[in-house]
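Enquirer: Fold the following and give me the result.
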Amino acid sequence: MSEAGAAVSRPIRIAQISVIFMLLVKVYLTFAAPPIGDEAYYWMWGQNLAWSYFDHPPFHAWLLRLMSFFGWSWFSLRLLAWLTLAGTLWIFWLWAKRLKPEDPFAWWWPSAAIYLSSPLFFLMSSVVFHDHLLIFLCIASAHLFLVFAEKWEATGKGFAWLYGGAILLGLAVLTKYNGVLLGVGIALFFIVWRPVRPLWRSPHLYLAALLAVSIQAPVLWWNFTEGFASYNFHLSERWGGTLFKFRPNNLTGFLALAIVVVSPFLFPAIVGMFRRPFGTPFGDRAHALALSVFVVSSLTMLFLSLFVEVFFYWNIVAFLLLMPLLAGWIRRRWVLNLHLVYGLVLAGLTIVNFTMVPIGNLVGRYDWTISSTFGWPGVATRIEALRQEHDVAFVAATRYTTAAQLGFALHDADVVALASRQDQYDYWFNPADHLGETALIVSDRWLGTGHVERYFDTFTKLETVPFAQYGHTIFEPAIYLGTGFHIPAAD
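Expert: Numbers count the residues shown, from 1 in each chain. Just a heads-up that it's a prediction; the model follows:
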């Protein structure tokens, strides 16, 4: 573009204040927000190392195992997210030095503020789902591919950068399956970016692709030995056995939610990226790659949304590479400021939702998912006491998330899930090894006990452990004693 947007012109004080504020909110959430169910669940994966897992590939779990050497705490649980955030913002800095070499801080601060103020990236870089690692590996891989393209255009060399990008791409897919969308987007980039098209005649491009695919060997091996369970789950079982049942009304919800979670104030700049190039070699190269990935990922999710409910973070790869570039297409400073205020407000609501009282509860719509994150230390204390009173062989919960949350509170990776839906716990717990045993089981009125009662000769409620704060009873789990564990005839 002939001139950069106003967002990357000094003064940048508001962007600096925004970045500092959002980082402080992240610090507070790290220490004040109890583990979300999936956070604790993935932590348990790290305590039970395997080649892969039922829900997702293994790389994130392997790294969480390393984090457990720092102990079992909310900080050690989320330490990895801080490391990947630092890596992501470092890549932003490397791009800023190329996009505005005369004053890189004038580009980096607004870009970091844009990224952190987008609710999608603020949340998914804070919680320890697979996405925070996916974000870092994708942008790091994209950076290496861009450096390779730069060097190859200039000298016809630089293949080490190509293979480095392929390794990181492979690790991204080894983290979460939708990382493959980055790979397809990169392939499209090698088609639409004219200077690198001759690479399709080079064996190096195919060898790099083969290298990325070979990194998926652990996932392929695990699925081969487990009846392709993960693939069956994602392609069939999680959708009730029918993936391609036409549901066109989903499309509106998908688009509306994308605007909300990315930020409505960024979409004019995103549209502008399709209309105007950047005007420098690196900028135009990065622009082409970012739009290639955006198109591939978004069209894939748009298609998928016609048949299933697409979660808001599944399309995170589409928007990732836009984030360090968007500041150059924001032509009015007030648009940037509105985006930063939008992020600030939603960050404040995040604090309320995850550390005080779930917002859904406050407006008459009980949010079980967030409510069930509260109160587990108290439940763990009662479990420890009841273990002394009863001859208990194992402890269980009635959902994979609550089993993981209880296990995390107890610092015990042997807590199991006795649930109606299949999950990773089914690969760790062999019912035949526990016949006749007595167990403590935790459930609540939303999950019920109908499924788990079938596994015991007697099933007795011992007590309820309600959690309340700020005048609201948020979560009321109950502890049960089951004796004579057996395998129900239906199973």
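
Enquirer: Let me see the mean pLDDT of stretch 286-299.
Expert: Averaging pLDDT along stretch 286-299 yields 98.

Enquirer: Any chance you could list what contacts that stretch?
Expert: 95, 98-99, 142, 145-146, 178, 181-182, 184-186, 188-189, 192-193, 270, 273-274, 277-278, 315, 317-322, 324-325 (C-beta atoms under 8 Å, 6 or more residues apart in numbering). Using the backbone N, CA and C atoms, a C-beta is placed for each residue, glycine as well.

Enquirer: pull the CA atoms of that stretch into CSV?
Expert: The C-alpha trace of stretch 286-299 is given here as CSV (Å, rounded to 0.1, in the frame of the first residue of the first chain):
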residue,chain,number,x,y,z
ALA,A,286,3.1,-12.1,3.9
HIS,A,287,-0.1,-10.6,2.6
ALA,A,288,-0.5,-13.3,0.0
LEU,A,289,0.3,-16.1,2.4
ALA,A,290,-2.2,-14.7,5.1
LEU,A,291,-5.0,-14.4,2.6
SER,A,292,-4.3,-17.9,1.1
VAL,A,293,-4.6,-19.4,4.6
PHE,A,294,-7.7,-17.3,5.4
VAL,A,295,-9.5,-18.4,2.2
VAL,A,296,-8.7,-22.1,2.7
SER,A,297,-9.6,-22.3,6.3
SER,A,298,-12.7,-20.1,6.1
LEU,A,299,-14.1,-21.8,3.1
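
Enquirer: So for that stretch, what gets flagged as buried?
Expert: Neighbour-count burial for stretch 286-299 flags 286-298 (criterion: 16 or more other C-beta atoms under 10 Å).

Enquirer: of all those, which comes closest to Ser73?
Expert: Of all the buried residues of stretch 286-299, Ser297 has the smallest distance to Ser73: 34.9 Å, by C-beta to C-beta.

Enquirer: element containing that closest one, please.
Expert: helix 281-305 (DSSP states H and E).

Enquirer: With Leu440 instead?
Expert: Secondary structure assignment for Leu440, by DSSP H and E: strand 439-443.

Enquirer: Can you report how many residues lie near Arg382?
Expert: Residues lying near Arg382 (other C-beta atoms under 10 Å) number 17.

Enquirer: For Lys245, see how far away the residue lying closest to Phe274 once chain neighbours are set aside is.
Expert: Using C-beta to C-beta, 6 or more residues apart in numbering and skipping the chain neighbours, the partner closest in space to Phe274 is Leu291 (6.8 Å). According to C-beta to C-beta, to the nearest Å, Leu291 stands 32 Å off from Lys245.

Enquirer: Kindly report the domain assignment for this structure.
Expert: Using automatic domain parsing, the domain ranges for the chain come out as 6-356, 371-483.

Enquirer: circling back to that earlier point, filter the contacts of stretch 286-299 down to just the buried residues.
Expert: Neighbour counting by 16+ other C-beta under 10 Å classes 95, 98-99, 142, 145-146, 178, 181-182, 184-186, 188-189, 193, 270, 273, 278, 315, 317-322, 324-325 among these as buried.

Enquirer: where does the stretch 201-350 of the chain have low pLDDT?
Expert: Applying pLDDT under 70 to the stretch 201-350 of the chain flags the ranges 239-243.

Enquirer: let's see 50
Expert: Of all residues in the stretch 201-350 of the chain, none has pLDDT under 50.

Enquirer: Likewise for the stretch 1-150 of the chain?
Expert: Applying pLDDT under 50 to the stretch 1-150 of the chain picks out residues 1-2.

Enquirer: what about Leu94, neighbour count?
Expert: Applying other C-beta under 10 Å, we find 17 residues neighbouring Leu94.

Enquirer: ok, now which ones touch it?
Expert: By C-beta under 8 Å, 6+ apart, the residues touching Leu94 are His143.

Enquirer: Kindly report the same for the one 4 residues further on.
Expert: Residues near Arg98 by C-beta under 8 Å, 6+ apart: 280, 282-283, 286.

Enquirer: cool, His234 as well?
Expert: His234 makes contacts with Tyr177, as judged by C-beta under 8 Å, 6+ apart.

Enquirer: and the most centrally placed residue in the chain, how far is that from Trp314?
Expert: Against the mean C-alpha coordinate of the chain, by C-alpha atoms, centre = their mean, the closest residue is Asp131 at 2.6 Å. Here the criterion is C-beta to C-beta. By it, Asp131 lies 9 Å from Trp314.

Enquirer: what about the closest residue to Asp423 other than its chain neighbours, how many neighbours?
Expert: The shortest distance from Asp423 to any non-neighbouring residue, by C-beta to C-beta, 6+ apart, is to Tyr400 (3.9 Å). Applying other C-beta under 10 Å, we find 24 other residues in the vicinity of Tyr400.

Enquirer: buried ones in the helix or strand that contains Glu153?
Expert: Per DSSP H and E: Glu153 is located in helix 131-155. By 16+ other C-beta under 10 Å, the buried positions in helix 131-155 come out as 131-152.

Enquirer: following it, which helix or strand comes up?
Expert: With DSSP H and E, the next secondary element past helix 131-155 is helix 159-175.

Enquirer: quick one, what contacts the residue nearest to Asp423?
Expert: 37, 41, 417, 419, 421, 423-425.

Enquirer: Please repeat the previous calculation with a cut-off of 6 Å.
Expert: By C-beta atoms under 6 Å, 6 or more residues apart in numbering, the contact list for Tyr400 reads 41, 417, 423, 425.

Enquirer: Out of these, list just those in helices.
Expert: The members of these that map onto helices under DSSP state H are Tyr41.

Enquirer: Any chance of the contacts of Tyr400 in CSV with neighbour count and distance to Ala15 as columns?
Expert: Formatted as CSV, the contacts of Tyr400 follow (neighbours: other C-beta atoms under 10 Å; distance: C-beta to C-beta, whole Å):
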residue, neighbour count, distance to Ala15
Tyr41, 28, 36
Ala417, 25, 45
Asp423, 19, 42
Tyr425, 23, 45
